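**Q** For reference, the sequence and a predicted model appear below.
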Amino acid sequence: MVSGSGKINPRVVDDGAANVRFRTMLNRNKSGSGLASGAHSGTASAGQAGHAAQAGHVGRNMNAVRSLLSRSQRCASGESLCVALGGWGGGLGLRGGWTAALAAAVIASVSAPAWAGPEGEQVVRGNVTIYRDGTQTLIRASDRSIINFRNFDIGANESVRFVQPSRDASVLNRISSANPTRIDGTLTANGRIYLMNPAGVLFGANSRVDVARLYAAAGQLTDADFLRGTDRFTDLSGAVVNHGTITSDFVGLLGGTVANTGTIVSPGGTVVMAAGETVMIGERLGNIFVRIEGEANKQNAAGADASGAVPGTPGAPKAAVENTGRIDARRGKIVMGSGDVYGVALRAAGQLKARQARIEGQGKGEVHVTGTIDATGGRGEKGGSVQVLGEKVAVTGTIDASGPRGGGEILVGGNFQGKGPERNAEQAFVTRDAVIRADATERGNGGTVIIWSDIVTRYFGTTTA
């Protein structure tokens with residue numbers, strides 16, 4: 001257990017546990033393994049004078065082992081165990097296989113991880129207590145706590161749980177690793193979790209995240225903004241990629257490149273996927289808004305590393321912001337946004353379900369809808385709203401905003417005659433495979449479908465309303 005208020009105690013290997021494991025190995029050797037036959041805690045059996053000298057060696061070398069264990073505790077700065085072992089050279093002077101036995105014991109007792117999950121923590125602000133028990137890490141943190149980590153990886157069989165005062169309590173976790181944060185295990189929290197790593201954040205295929213709110217950003221969030229409750233993420237450059245399952249009232253995936261191939265569930269909440277240099281997320285009159293500045297970074301090298309594919313190769317993201325998985329915000333809102341990109345800025349190729357869906361390229365670049373956007377209303381409801389906006393927009397998939405009590409609204413490329421507050425496209429393209437619906441499925445009036453561009457509009461699809 002480590003704890004802190006303003007700072008945290010440095011982590012050390014549990015010397016007691018290490019020595020217990022070491023003694024266990026010696027006991028196995030005494031039982032007749034042949035590695036140390038006749039040697040018992042530094043004494044020799046009767047009639048084994050030749051072994052007495054070796055027993056003396058054992059006693060002296062046990063002190064050397066304890067010395068090494070003590071030295072290994074000081075390797076928290078990242079020194080390799082091999083460096084510590086190398087310092088021994090041939091100084092043990094052991095015979096009959098003892099060198100191998102002792103080396104194996106030290107490796108088993110010292111180099112094996114004594115903790116799981118996040119490492120190198122320093123509490124900057126708040127009351128924080130961290131408990132570690134094998135593969136499980138429990139972090140108790142007060143509201144507006146700030147913790148700096150050397151890395152924040154969670155292995156496939158590991159779990160990290162945050163316990164916070166309420167669902168509105170926030171913890172800023174800032175990671176300084178040169179490598180993307182990798183979550184392959186379980187991350188849970190009853191409050192809001194911020195993961196900031198400029199190198200990127202990757203959620204593996206078997207990962208499971210269940211928190212009140214999640215902000216995963218490949219950039220910076222200043223302490224001042226965090227404490228004011230201003231969600232302004234700057235210097236975004238790395239990739240944020242989800243291959244696993246995320247469940248939360250709010251999900252924000254923000255970076256130079258952003259992709260979802262997994263599942264995001266936020267039934268009554270909001271999901272934001274945004275790429276640019278700076279992303280601002282706020283709330284006005286109960287509505288979430290997203291403002292993006294600067295260029296997205298589709299060819300970002302860290303993005304290639306995090307996603308597991310080099311841009312331009314099979315399996316690599318085809319856009320700065322891309323969904324090929326499933327996002328379920330059926331009573332909530334989905335926002336996919338991108339800054340300037342040369343080529344495809346946004347690609348909605350998977351399944352999106354929300355009452356409101358806004359797919360918007362806020363700079364240059366193309367916006368493609370090749371999958372399904374479902375904004376249909378439930379029992380007794382009208383259809384929802386869908387906006388597909390950008391410099392160049394194309395629809396080859398299905399957009400449905402139908403409802404039992406009336407159709408919803410679908411805007412592709414802008415509003416009626418380009419006179420609304422929405423951005424107008426320069427070019428709009430709807431292929432013959434595209435299906436766009438805003439029907440009243442039981443009663444009421446059909447909805448509104450508008451396809452607009454200021455320069456060129458090509459329409460070949462099927463539309464009903």
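**A** It's in. Numbering: from 1, shown residues only.

**Q** what lines up beside the longest strand seen in the chain in the sheet?
**A** Taking DSSP state E as the assignment, the strand of the chain that covers the most residues is strand 326-338. Take DSSP bridges as the rule and strand 326-338 pairs in its sheet with strand 263-265 (parallel), strand 270-275 (parallel), strand 351-361 (parallel).

**Q** Output that strand as CSV, restricted to C-alpha atoms.
**A** This file holds the C-alpha atoms of strand 326-338, laid out as CSV (Å, rounded to 0.1, in the frame of the first residue of the first chain):
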residue,chain,number,x,y,z
ARG,A,326,-20.3,-0.4,-32.7
ILE,A,327,-21.3,2.6,-30.7
ASP,A,328,-24.6,2.5,-28.8
ALA,A,329,-25.9,5.8,-27.4
ARG,A,330,-29.5,5.1,-28.2
ARG,A,331,-31.0,7.8,-26.0
GLY,A,332,-28.0,10.0,-26.2
LYS,A,333,-25.6,11.7,-28.6
ILE,A,334,-22.6,10.7,-30.8
VAL,A,335,-20.2,13.3,-32.1
MET,A,336,-17.4,12.4,-34.5
GLY,A,337,-15.3,15.4,-35.4
SER,A,338,-12.0,16.2,-37.1
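
**Q** Helix, strand, or coil at Ala216?
**A** When the structure is reduced to helix, strand and coil (DSSP: H, G, I helix; E, B strand; the rest coil), Ala216 reads as strand.

**Q** go on, Asp225?
**A** Going by three-state DSSP, the secondary structure assigned to Asp225 is helix.

**Q** Pipe the strands paired with strand 326-338 into CSV and attach mean pLDDT, distance to Gly378 and mean neighbour count per row.
**A** Bear in mind the C-beta positions are built from the backbone N, C-alpha and C, glycine included. Compiled in CSV, these are given as follows (pLDDT from 0 to 100; distance: least, CB to CB, whole Å; neighbours: other CB atoms under 10 Å):
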stretch, mean pLDDT, distance to Gly378, mean neighbour count
strand 263-265, 98, 17, 20
strand 270-275, 97, 18, 28
strand 351-361, 97, 9, 24
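
**Q** Distance to Val341 added to the ones you listed, as TSV?
**A** Shown next, in TSV, are those (distance: least, CB to CB, whole Å):
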stretch	distance to Val341
strand 263-265	22
strand 270-275	8
strand 351-361	7
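
**Q** Let me know the next secondary structure element after the longest strand of the chain.
**A** Moving toward the C-terminus from strand 326-338, the first helix or strand encountered (DSSP states H and E) is strand 344-348.

**Q** Return the distance of that following strand from the chain's centre.
**A** Centroid displacement of strand 344-348 relative to its chain, using CA atoms, centre = their mean, to the nearest Å, is 21 Å.

**Q** between that strand and strand 351-361, how big is the angle?
**A** Relative orientation of strand 344-348 versus strand 351-361 (axes from the mean of the first three to the mean of the last three CA atoms, to 10 degrees): 160 degrees.

**Q** pull the CA atoms of strand 344-348 into PDB?
**A** This file holds the C-alpha atoms of strand 344-348, laid out as PDB (Å, rounded to 0.1, in the frame of the first residue of the first chain):
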ATOM      1  CA  VAL A 344     -10.500  11.400 -45.500                       C
ATOM      2  CA  ALA A 345     -11.100  13.200 -42.200                       C
ATOM      3  CA  LEU A 346     -14.000  11.000 -40.900                       C
ATOM      4  CA  ARG A 347     -15.300   7.600 -41.800                       C
ATOM      5  CA  ALA A 348     -18.400   6.100 -40.200                       C
END
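
**Q** partners of that strand, with directions?
**A** For strand 344-348, sheet partners with direction are given as strand 321-323 (parallel), strand 366-369 (parallel), following DSSP bridges.

**Q** Just the pLDDT for Tyr131.
**A** For Tyr131, the pLDDT comes out at 95.

**Q** Ranking the strands paired with strand 344-348 by mean neighbour count, which comes first?
**A** Among the strands paired with strand 344-348, ranked by average contacts under mean count of other CB atoms under 10 Å, first place goes to strand 321-323 (a mean of 31).

**Q** Surely Thr270 touches Ile327?
**A** No - with contact taken as CB atoms under 8 Å, Thr270 and Ile327 are classed as non-touching, separated by 10.8 Å.

**Q** list the residues that contact both of these two?
**A** Both Thr270 and Ile327 are in contact with Ile334, where contact means CB atoms under 8 Å, 6 or more residues apart in numbering.

**Q** Student question: in this protein, what's the helix or strand with minimum average pLDDT?
**A** Sorted by mean pLDDT, DSSP states H and E, the helices and strands of the chain end with helix 15-30, the least confident at a mean of 30.

**Q** who's in contact with the nearest residue to Thr448 once chain neighbours are set aside?
**A** The spatially closest residue to Thr448, leaving aside those adjacent along the chain, is Glu409, at 4.6 Å (CB to CB, 6 or more residues apart in numbering). In this structure, Glu409 makes contact with 383, 385-386, 401, 438, 447-449, judged by CB under 8 Å, 6+ apart.

**Q** now do 6 Å
**A** With contacts taken as CB atoms under 6 Å, 6 or more residues apart in numbering, Glu409 has the following neighbours: 385, 447-448.

**Q** so it bridges to which residues?
**A** So, taking DSSP bridges as the rule, Glu409 has Ser385, Thr448 as bridge partners.

**Q** Model confidence for it, exactly?
**A** pLDDT for Glu409: 98.

**Q** Would you mind measuring from it to Gly403?
**A** 11 Å (CB to CB, to the nearest Å).
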